[in-house]
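Trainee: Below are the sequence and a predicted model for it; my questions follow.
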Amino acid sequence: MTDQDSRGLNPIPGLEGLNDTDRAFLAGLFTRRDYGPGEWLFHESTPRQWYGIVASGEVDLIIGLHGATKRIGTIPVGGALSQGLLVDDTPHVASGFTRDGASVLQLSKDHIERVREERPDLFYRLVARMSRFLKERIQMAAALDIGASTSQLSGLTRSEHDLLGSREVPVEAYYGVQTLRAIENFPISGAKISDFHHLIDALAFVKKACALANQDLGILDDARAGAIVAACDEILAGKFHDQFVVDMIQGGAGTSTNMNANEVITNRALELLGHAKGQYQHLHPNDHLNLSQSTNDVYPTAVKMAVNLTLKDTLAAMGELKSALEGKEREFADVIKMGRTQLQDAIPMALGQEFGAWAVMVGEDMERLREAGALLREINMGATAIGTGLNSPPGYAEVVTRRLREVSGVDVVKSPNLVEATQDSGSFVQMSGVMKRVAVKLSKICNDLRLLSSGPRCGLHEIDLPPMQPGSSIMPGKVNPVIPEVVNQVAFQIIGHDMTITMAAEAGQLELNVMEPIIAYNMLGGLLLLRNACVTLASRCIVGIKANRDQCRRYVEHSIGLVTALNPVLGYERSVAIAKEALDTGGSVYDLVLAKGWLSKEALDDLLKPEHMVGKQ
């Protein structure tokens with residue numbers, strides 16, 4: 001920590017008025033950590049590891065693990081993070097994310113304990129001061145929740161009409177009559193569009209790009225286009241997400257989702273133009289928001305973009321898991337253990353090699369996901385209903401694709417054949433298959449973790465998993481491998497998702513696949529499950545694993561598998577005889593070879609030294 005950082009401790013909220021002794025003591029304990037743009041500092045529900053002070057940049061606090069995320073505040077320079085660690089050992093109640101990068105001065109959990117032990121006076125002053133800011137943070141979050149829940153309490157309505165007639169819509173609602181009908185028609189899963197914020201962002205990107213393209217081509221006036229763009233920007237800033245209320249599982253090939261977006265954006269744009277919600281004579285959900293579009297190009301394009309946006313979060317979590325496994329690979333590089341094939345003793349290996357192999361598996365799957373994501377960047381905007389581009393002006397497909405690339409930062413490309421792209425769900429099947437591959441291999445890793453940690457007295461017990469919770473309501477002292485178990489179950493769910501996506505893709509007929517909503521629900525939900533599973537496995541299991549070195553060594557020294565190293569010297573037949581005799585008598589390979597005089601002690605020691613048998617990578 002620099003002298004400037006040390007001096008900067010004094011005016012920070014909660015640390016004001018520190019004397020030179022206190023400041024010098026804390027400065028020796030804080031470390032500086034730099035985070036790049038788009039990086040997560042910590043995740044909701046994971047253990048707190050440090051108390052921090054933002055030294056540069058800003059950190060957003062975000063709640064919501066299942067897609068319906070909400071920003072509860074932004075911590076500026078001088079703001080505190082994870083103050084709760086000063087009070088208790090509860091996990092994070094929010095995630096920390098920096099959009100543009102940030103530097104944080106961090107006081108680790110161990111150093112906090114040191115302050116508590118060596119300077120209890122300073123520690124309790126810090127706790128007392130931080131309690132005030134904790135209270136303010138809680139009040140801020142509570143106010144946000146209350147504000148979200150008080151909408152639509154007036155009982156007033158406005159009348160809207162569609163093909164089927166007129167309906168009363170809550171006056172506060174930004175959605176309209178078609179969304180209202182969808183709410184009533186599809187009370188299916190309880191999972192709303194608002195539970196998937198990347199899908200809302202993708203819809204806003206698409207609608208913004210369409211407005212700009214229509215403006216570029218002279219079929220949408222500047223005032224309307226500007227209002228639509230401004231409304232989309234507000235949605236991209238996190239506003240009005242609670243207005244995306246349609247169930248993810250719906251009939252109509254996604255029309256209800258498209259109209260939910262059209263109506264919310266239209267009504268907000270009407271307000272920006274100085275009109276009331278529902279005054280569609282000035283700006284219409286179909287005539288203007290859906291201009292040059294169809295659900296059949298908007299919805300699959302938005303879903304593909306949402307998958308790519310969600311995939312970034314999943315890949316980041318997989319990267320954390322890969323790093324945790326690589327850390328254990330280094331830590332356990334000198335731990336010799338018995339390798340096993342078909343659950344039988346094979347030959348010695350390093351425990352670090354076990355973890356290193358898992359890290360490579362995760363890394364390979366990250367590459368396969370990136371490849372599958374690239375296929376989803378081919379879109380069919382401009383196809384309109386079936387791929388012929390009816391009701392869109394010449395050149396629209398190229399312009400809207402370029403505009404979408406500009407506004408979203410996603411490198412989308414126009415499909416070379418829009419008729420094919422409108423009916424073909426093959427890229428979804430490819431992504432789902434790769435997600436299943438990831439799930440299968442994650443589950444295999446968790447199976448291995450459960451086997452290696454089995455016991456503790458009557459199993460392999462080569463490793464100890466960190467204890468997370470009591471394991472039984474009837475068996476005292478039992479602790480179960482609950483984190484690998486939950487990841488196993490996530491894997492099973494994603495494998496099931498793949499079957500659903502496969503059947504939905506197969507169910508397409510002629511020029512359209514109407515089953516894309518269930519594809520979207522399972523694919524976006526599956527990526528979120530994978531992300532949460534990787535974060536949980538890394539933070540609550542892998543990083544806390546300990547090796548039982550003596551147990552690992554004991555298995556090696558008493559294993560018949562050592563005889564494999566004698567093949568080149570004794571030959572296969574004599575090696576088999578030694579192995580059989582060792583099994584029959586319970587003797588060791590080492591003692592039997594010496595007793596038969598087949599090798600000298602020196603030569604045998606060299607051949608059977610386990611360290612010589614693990615190989616070099």
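Mentor: Sure, I can see it.

Trainee: Pretty sure residue 336 sits against residue 348.
Mentor: Yes - in this structure, residue 336 sits in contact with residue 348. The criterion is C-beta atoms under 8 Å, and the distance is 5.6 Å. C-betas here are computed from N, CA, C, even on glycine.

Trainee: Between the two, tell me which one has more neighbours.
Mentor: Each of residue 336 and residue 348 had its neighbours counted (other C-beta atoms under 10 Å), and the higher figure belongs to residue 348 (27 against 21).

Trainee: can you list the domain ranges for the chain.
Mentor: Recorded structural domains for the chain (assignment: automatic domain parsing) are 3-149, 167-291, 298-550, 558-612.

Trainee: Pick the most deeply packed of these.
Mentor: By mean neighbour count, with neighbours taken as mean count of other C-beta atoms under 10 Å, domain 167-291 ranks first of the domains of the chain at a mean of 21.

Trainee: What's the mean pLDDT across it?
Mentor: Across domain 167-291, the average pLDDT comes to 95.

Trainee: start to end distance for it?
Mentor: The straight-line separation of the ends of domain 167-291 (C-alpha to C-alpha, to the nearest Å) is 24 Å.

Trainee: and if you look at stretch 532-546?
Mentor: 23 Å.

Trainee: starting at the chain centroid, how far to it?
Mentor: In terms of C-alpha atoms, centre = their mean, to the nearest Å, the gap separating the centre of stretch 532-546 from the centre of its chain is 13 Å.

Trainee: Which helix or strand contains residue 61?
Mentor: With elements taken from DSSP states H and E, the one containing residue 61 is strand 59-63.

Trainee: Extract the C-alpha trace of that strand and format it as CSV.
Mentor: The C-alpha atoms that make up strand 59-63 are tabulated as CSV, following Å, rounded to 0.1, in the frame of the first residue of the first chain:
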residue,chain,number,x,y,z
VAL,A,59,-18.4,-0.5,-8.0
ASP,A,60,-22.0,-1.4,-8.6
LEU,A,61,-23.8,-3.5,-6.0
ILE,A,62,-26.2,-5.9,-7.7
ILE,A,63,-28.7,-8.3,-6.2
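
Trainee: What helices and strands are in contact with that strand?
Mentor: Under the contact criterion of 3 or more C-beta pairs under 8 Å, 6 or more residues apart in numbering; DSSP states H and E, strand 59-63 touches strand 70-75, strand 95-98.

Trainee: mind redoing it with 10 Å?
Mentor: With contacts defined as 3 or more C-beta pairs under 10 Å, 6 or more residues apart in numbering; DSSP states H and E, the packing partners of strand 59-63 are strand 39-42, strand 70-75, strand 95-98, strand 102-108, helix 120-149.

Trainee: hey, least reliable of these by pLDDT?
Mentor: Among the helices and strands packed on strand 59-63, helix 120-149 has the lowest mean pLDDT, at a mean of 61.

Trainee: check contacts around residue 299.
Mentor: Under the criterion of C-beta atoms under 10 Å, 6 or more residues apart in numbering, the neighbours of residue 299 are 199, 202-203, 206, 252-258, 261, 293, 516-517, 520.

Trainee: Equivalent analysis for residue 326, please.
Mentor: When the contact criterion is C-beta under 10 Å, 6+ apart, the partners of residue 326 are 352, 355, 356, 358, 359, 360, 362, 363.

Trainee: export these to JSON lines and tack on pLDDT?
Mentor: JSON lines is the format used below for the contacts of residue 326 (pLDDT from 0 to 100):
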{"residue": "352", "pLDDT": "95"}
{"residue": "355", "pLDDT": "97"}
{"residue": "356", "pLDDT": "97"}
{"residue": "358", "pLDDT": "98"}
{"residue": "359", "pLDDT": "98"}
{"residue": "360", "pLDDT": "98"}
{"residue": "362", "pLDDT": "98"}
{"residue": "363", "pLDDT": "97"}
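
Trainee: What is the nearest of the residues you listed to residue 159?
Mentor: Taking C-beta to C-beta as the measure, residue 362 is the one of these closest to residue 159, at 55.3 Å.

Trainee: With residue 321 as the reference, measure out to the closest one.
Mentor: As for residue 362, its distance to residue 321 is 6 Å (criterion: C-beta to C-beta, to the nearest Å).

Trainee: Now the common contact residues for these two.
Mentor: The contact sets of residue 362 and residue 321 overlap at 442, 445, 534, 537, 538 (C-beta under 10 Å, 6+ apart).

Trainee: of all the residues you listed, which comes closest to residue 223?
Mentor: residue 534 (46.7 Å).

Trainee: now that closest one, nearest residue through space, not along the chain?
Mentor: Closest residue to residue 534 apart from its sequence neighbours, by C-beta to C-beta, 6 or more residues apart in numbering: residue 317 at 4.0 Å.

Trainee: right, and the secondary structure at the closest residue to residue 119 other than its chain neighbours would be what?
Mentor: With sequence-adjacent residues excluded and distances taken as C-beta to C-beta, 6+ apart, residue 119 is closest to residue 25, at 6.3 Å. Put simply, residue 25 is helix when judged by DSSP: H, G, I helix; E, B strand; the rest coil.

Trainee: now the domains of the chain as JSON lines including distance to residue 157?
Mentor: As requested, the domains of the chain are arranged in JSON lines below (distance: least, C-beta to C-beta, whole Å):
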{"stretch": "domain 3-149", "distance to residue 157": "19"}
{"stretch": "domain 167-291", "distance to residue 157": "4"}
{"stretch": "domain 298-550", "distance to residue 157": "28"}
{"stretch": "domain 558-612", "distance to residue 157": "77"}
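
Trainee: Of the ones you listed, which is nearest residue 158?
Mentor: domain 167-291 (4.6 Å).

Trainee: which residues touch the closest residue to residue 370 other than its chain neighbours?
Mentor: Leaving aside its sequence neighbours, residue 370 sits nearest to residue 315 (C-beta to C-beta, 6+ apart; 7.1 Å). Taking C-beta under 10 Å, 6+ apart as the contact definition, residue 315 lies against 365, 366, 367, 369, 370, 373, 527, 530, 531, 534.

Trainee: Residue 397 too?
Mentor: Shown here is residue 397, whose contacts under the criterion C-beta under 10 Å, 6+ apart are 213, 292, 297, 379-384, 389, 414-415, 418.

Trainee: Can you classify it as helix, strand or coil?
Mentor: The three-state assignment at residue 397 reads helix, by three-state DSSP.

Trainee: what about the strands in the stretch 251-400 of the chain?
Mentor: Ranges of strands within the stretch 251-400 of the chain are 336-341, 344-350, 378-379, based on DSSP state E, counting those that start in this stretch.

Trainee: would a markdown table of those strands with distance to residue 500 and mean pLDDT be doable?
Mentor: Supplementary listing: those in a markdown table, determined by distance: least, C-beta to C-beta, whole Å; pLDDT from 0 to 100:
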| stretch | distance to residue 500 | mean pLDDT |
| --- | --- | --- |
| strand 336-341 | 35 | 92 |
| strand 344-350 | 38 | 89 |
| strand 378-379 | 23 | 96 |
